[in-house]
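Q: I need the structure of the sequence given here:
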Amino acid sequence: MPAPVDAAAPVVVATSNSGKVAEIAAILAELSVEWLSLGDLPPLDFPEEGGDYAANAEAKARTAARELGHFAVADDSGLEVAALDGGPGPYSARFGGDGLDDRGRVDALLAALVGVPEAGRRARFVCVAALARPDGQVWSTRGECPGAILEAPRGSSGFGYDPVFRLAGRAECMAEIGTDEKNRLSHRARAFRALAPELRQRLA
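A: Okay, the predicted model is just below:
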């Protein structure tokens, strides 16, 4: 097993979503890094997000690293559905309109897919993870998880679109598998595991 990274210098996770911070920390547990959430730090003004996963993730990571003086990681994720021409994609967190919670966005997605046959319900989760240092240099990686959209939510774990995302080749949806399994299979897990060598090299 690789030697742990020296945890003397913390790494900022550019989100105030405690669930996402915990998920990233679990995925990268072998690094033994101290992770700081934006919920524990002064507020930051991030650039407005657009339609490109990598640009969004890199902008968030660069801003957090520059403003807080630590290495920072960020990600941008989305759900791409065949019948929606790859949408909502990078706009997944705002799908259905402003002010909706996770369940509201799931309901909006299911409403958009009423009557859509199985082929049109093919989907994938996409994530780009980025690592930035205070001088602005940035590295990014991409992960994907294929599946399909169910006709109704199932399961009680996870967040976002997990209750309606059935994993490819499986009967279960993302909200029906355990945390450890999700942290092996998810788009975020794949992106951050691919980023781990850069983290190890830069923080060593």
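
Q: What are the buried residues along stretch 158-169?
A: The neighbour-count check on stretch 158-169 (16 or more other C-beta atoms under 10 Å) flags 158, 160, 161, 162, 163, 164, 165, 166, 167 as buried. In this view, the C-beta of every residue, glycine as well, is placed from N, C-alpha and C.

Q: With secondary structure, distance to residue 69 and pLDDT as new columns, can the residues you listed be given to me in CSV?
A: Below are the buried residues of stretch 158-169 laid out as CSV (DSSP: H, G, I helix; E, B strand; the rest coil; distance: C-beta to C-beta, whole Å; pLDDT from 0 to 100):
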residue, secondary structure, distance to residue 69, pLDDT
158, coil, 33, 79
160, coil, 31, 91
161, coil, 35, 96
162, helix, 34, 95
163, helix, 39, 96
164, helix, 40, 98
165, strand, 37, 97
166, strand, 43, 97
167, strand, 40, 97
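
Q: just those now: which is nearest residue 178?
A: residue 158 (10.2 Å; C-beta to C-beta).

Q: Leaving out sequence neighbours, find the closest residue to the closest one.
A: Leaving aside its chain neighbours, residue 158 sits nearest to residue 175 (4.3 Å; criterion: C-beta to C-beta, 6 or more residues apart in numbering).

Q: How about residue 198?
A: residue 139 (4.5 Å).

Q: Could you do residue 34 as well?
A: residue 10 (4.1 Å).

Q: Name all residues that make contact with the one you found.
A: 33, 34, 35, 36, 70 (C-beta atoms under 8 Å, 6 or more residues apart in numbering).

Q: Would you map the strands across the chain?
A: Assigned by DSSP state E, the strands in the chain fall at 11-13, 35-37, 72-81, 87-89, 122-132, 138-149, 165-167.

Q: Listing partners with orientation, what would you give for the second one?
A: Going back to what we said before, that points to strand 35-37. Strand 35-37 has the following strand partners under DSSP bridges: strand 11-13 (parallel).

Q: just the fourth one next, same as before
A: Strands that pair with strand 87-89, judged by DSSP bridges, come out as strand 72-81 (antiparallel).
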